[in-house]
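A.B. asks: Need a 3D model of the sequence below.
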Amino acid sequence: MAFTEPVQAFEAMIEKFDVQAAEGLDSVFQWEIVGDGGGVWHIKVADGNAELSEGRHDSPTVSQICSTELFLSMVNLEVDGMQAFMSGQLKLTGDMMAAQKIMAVFPL
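C.D. replies: Below is the predicted model of the structure:
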């Protein structure tokens with residue numbers, strides 16, 4: 001099933017959270033999705049748990065900003081996140097090493 005709304009993808013990420021891939025990880029991943037259906041969400045990963053919250057976190061480990069269209073394309077595995085970053089479509093701030101773990105920790 002293809003995701004049509006960002007919130008669907010975030011809920012699926014929590015459902016598919018890989019505890020083993022997150023071992024030793026203590027990070028907050030934040031997404032700012034701009035456009036229809038967008039918003040700001042963050043997922044706190046610590047102690048083998050992942051907690052989804054709507055809104056900004058005070059000090060995310062890594063923040064991502066992109067359009068709704070791009071975000072949905074990435075979570076539907078139509079666009080590679082690294083290519084989106086390199087082309088300037090995806091903006092990242094914070095710990096880039098943590099950002100590289102997102103797909104392993106939340107395999108969609």
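A.B. asks: Please count neighbours and contacts with C-alpha atoms only from this point.
C.D. replies: Noted.
A.B. asks: what about Thr45, how many residues close to it?
C.D. replies: Small correction: residue 45 is Val, not Thr. The number of residues packed near Val45 is 21, by other C-alpha atoms under 10 Å.
A.B. asks: Just the element for His42, please.
C.D. replies: strand 39-46 (DSSP states H and E).
A.B. asks: Can you give the strand pairings for the following helix or strand past that strand, parallel or anti for each?
C.D. replies: Next helix or strand after strand 39-46 toward the C-terminus (DSSP H and E): strand 49-54. Strand 49-54 pairs in its sheet with strand 39-46 (antiparallel), by DSSP bridges.
A.B. asks: distance between the ends of stretch 25-44?
C.D. replies: Stretch 25-44 has an end-to-end distance of 10 Å (criterion: C-alpha to C-alpha, to the nearest Å).
A.B. asks: Quick check: mean pLDDT of that stretch?
C.D. replies: The average pLDDT within stretch 25-44 is 97.
A.B. asks: Stretch 57-69 now?
C.D. replies: For stretch 57-69, mean pLDDT is 97.
A.B. asks: Quote the end-to-end distance of it.
C.D. replies: Across stretch 57-69, the terminal residues are separated by 23 Å (C-alpha to C-alpha).
A.B. asks: so how far is that stretch from its chain's centroid?
C.D. replies: Relative to its parent chain, stretch 57-69 has a centroid offset of 8 Å by C-alpha atoms, centre = their mean, to the nearest Å.
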